[in-house]
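K.L.:
prediction below, plus the sequence it came from.
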Amino acid sequence: MITAKRDGGELGDEQIDWVVDAYTRGEVADEQMSALAMAILLRGMTRREIARWTRAMIASGRRLDFTDLPRPTVDKHSTGGVGDKITLPLAPLVAACGAAVPQLSGRGLGHTGGTLDKLESIPGWRADVPVPLMRELAADPKIGAVVCAAGADLAPADKRLYALRDVTGTVESIPLIASSIMSKKIAEGTAALVLDVKVGGGAFMKDIESARELATTMVELGVDAGVRTMALLTAMDTPLGRTAGNALEVAEAVEVLAGGGPGDVVELTLALAREMLAQAGIPDADPAAALADGRAMDHWRAMISAQGGDPDAPLPEARHRETVIAAASGTLARLDAMAVGLAAWRLGAGRARQGDPVQPGAGVELHAKPGDAVTTGQPLFTLHTDTPDTIPVALDTLRAGYAIGPDPVAPTPLVLDRIAP
Ligand code: URA
């Protein structure tokens, strides 16, 4: 199979079923799967191969079923970005509008943050929710949303393969990303799904054509598996909102739920909420009203409390702060998502290896965004960390990632395209 794919051949259905199963059971060695993953990255896969590979990954574990819930189920998945805290306001908002959101989420690795790491910065909040309780929370009209960790028995093939890809330079493959994400989302048992496919320097997909191909592939996989699926392509050249980190992002999400928060976070939250509600068959709900009148905040508080968290507890703060000031006046012309994500990661917000602890208070606060006028001496960024020895390297990373120019910068759209079946 390795040499067949290396030489540009197609893998048969039985071969795919066998290799995914044998790798999950430990019968195929990591070095062989790495070689196959690299061959797939370089040679690609046909639609048939991708569909079969996804099916085999779902079959490696358990498939949940929430079709008996009294409310329509719908979920959202982002392909990963910097400052992407959208799930935090979005899940309770969509629940407040009448849908059930049973979301299995992940932890961050590398420069992209993970929703569970962010929520775990809330004192007492627990990511582990047994499936019967998940069902109860999603069905409860006062809660309606549950964001938790996937059990070890959900797409275990992907757990092994993703960890291997992460250390073998084989993450950025459209067939492997599409099958990885969709195997987990199909196994999760949601009836409908909205994908937020990130495009740009801080995303896995750097250009719109590859993002469109990834989105189309995932939408087809979802629809074939009976999940109503659509995708938005959204910009990830600069971070979303004004924070990248764990507790810092929770605080910003709470601002959005309180009716404030940065414009881009509010815009994307509402755009995704409208798509999710349409997919769930509740197109007339008004998510902007549910945000403005406090219903989304009520659901957030109920959702956090139901998972052991205290929504009123002060969030953890890092012990050290360092502020970077503008060396010139002008317009912030560029602020790279990748640089901010890497700086936050180096400060302790992310992890280098699976299982490492993260610092809840670490991250980067942005006092200006591209297009904002800045004057010499004004604060541009504040770095937060418990480990001050990480500040110099985080500063170096950040300094290479922004520029102040003399000319105004035209605003760029956040939602770039919409891919429906
Ligand atoms: N997220 C996933 O779950 N899998 C990938 O391959 C990439 C992003």
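P.N.:
Arrived safely.
K.L.:
when you work out contacts or count neighbours from here on, use the C-alpha atoms and nothing else.
P.N.:
Will do.
K.L.:
for the helix or strand containing L214, name the packing helices and strands.
P.N.:
Taking DSSP states H and E as the criterion, L214 maps to helix 208-224. The elements that helix 208-224 packs onto, with contact taken as 3 or more C-alpha pairs under 8 Å, 6 or more residues apart in numbering; DSSP states H and E, are helix 47-59, helix 174-187, strand 192-199, strand 228-235, strand 415-419.
K.L.:
does the ligand sit close to it?
P.N.:
No: applying C-alpha under 6 Å from any ligand atom, one finds helix 208-224 out of contact with the ligand, separated by at least 10.7 Å.
K.L.:
neighbours of A271, how many?
P.N.:
16 (other C-alpha atoms under 10 Å).
K.L.:
three-state assignment of it?
P.N.:
helix (DSSP: H, G, I helix; E, B strand; the rest coil).
K.L.:
tell me how far it lies from P287.
P.N.:
Using C-alpha to C-alpha, to the nearest Å, A271 is found at 9 Å from P287.
K.L.:
what does M230 give?
P.N.:
19 Å.
K.L.:
next, V147: secondary structure please.
P.N.:
Going by three-state DSSP: V147 is strand.
K.L.:
I figured it hits Q103, correct?
P.N.:
Yes: assessed by C-alpha atoms under 8 Å, V147 is found in contact with Q103 at 4.7 Å.
K.L.:
right, and the ligand sits closest to which residue of the stretch 301-421 of the chain?
P.N.:
Q354 (13.9 Å; C-alpha to the nearest ligand atom).
K.L.:
now the protein, which segments are flagged as low pLDDT?
P.N.:
Along the chain, segments meeting pLDDT under 70 span 109-110.
K.L.:
need the residues of it near the ligand, please.
P.N.:
T79, V171, L176, I177, S180, I181.
K.L.:
near the last one, how many other residues are there?
P.N.:
Residue neighbour count, defined by other C-alpha under 10 Å, stands at 17 for I181.
K.L.:
tell me where the stretch 301-421 of the chain has strands.
P.N.:
Residue ranges of the strands in the stretch 301-421 of the chain, as given by DSSP state E, counting those that start in this stretch, are 320-325, 330-335, 363-366, 373-374, 379-385, 402-405, 415-419.
K.L.:
for those, which one sits closest to G308?
P.N.:
G308 sits nearest to strand 363-366 of all the strands of the stretch 301-421 of the chain, at 24.4 Å, using C-alpha to C-alpha.
K.L.:
in its sheet, what does that closest one sit against?
P.N.:
Paired with strand 363-366 in the same sheet, following DSSP bridges, are strand 243-245 (antiparallel), strand 379-385 (antiparallel).
K.L.:
pop out the phi and psi values for the closest residue to the ligand within the stretch 201-350 of the chain.
P.N.:
Taking C-alpha to the nearest ligand atom, the ligand has its nearest neighbour within the stretch 201-350 of the chain at F204, 7.7 Å off. Backbone torsions for F204, taken as degrees, to the nearest 10, come to phi -70, psi -40.
K.L.:
the nearest residue to it once chain neighbours are set aside - how many residues pack around it?
P.N.:
Excluding the flanking residues, the one nearest F204 by C-alpha to C-alpha, 6 or more residues apart in numbering is E172, at 6.1 Å. Number of residues near E172 (other C-alpha under 10 Å) recorded here: 15.
K.L.:
Three-state assignment for E172, please.
P.N.:
coil.
K.L.:
most tightly packed of the helices and strands packed on helix 208-224?
P.N.:
Most buried of those by mean neighbour count (mean count of other C-alpha atoms under 10 Å) is strand 192-199; its value is a mean of 26.
K.L.:
can you check what angle separates it from strand 228-235?
P.N.:
Here strand 192-199 runs at 20 degrees with respect to strand 228-235, directions being taken by axes from the mean of the first three to the mean of the last three C-alpha atoms, to 10 degrees.
K.L.:
which strands or helices does strand 192-199 pack on?
P.N.:
Packing partners of strand 192-199 (3+ C-alpha pairs under 8 Å, 6+ apart): strand 74-78, helix 208-224, strand 228-235, helix 263-279.
K.L.:
to L137, which of these lies closest?
P.N.:
Per C-alpha to C-alpha, nearest to L137 of the helices and strands packed on strand 192-199: strand 74-78, 14.2 Å.
K.L.:
buried sites along stretch 275-285?
P.N.:
E275, M276, L277, A278, Q279, A280, I282, A285 (16 or more other C-alpha atoms under 10 Å).
K.L.:
ok, and the closest non-adjacent residue to the fifth one?
P.N.:
Read that as Q279. Nearest to Q279 is A192, by C-alpha to C-alpha, 6+ apart, at 5.9 Å.
K.L.:
just give the number of residues close to Y23.
P.N.:
18.
K.L.:
so who does it touch?
P.N.:
A29, D30, M33, A157 (C-alpha atoms under 8 Å, 6 or more residues apart in numbering).
K.L.:
can you tell me the closest non-neighbouring residue to the first one?
P.N.:
In space, A29 comes closest to Y23 once its chain neighbours are excluded; the distance is 6.8 Å by C-alpha to C-alpha, 6+ apart.
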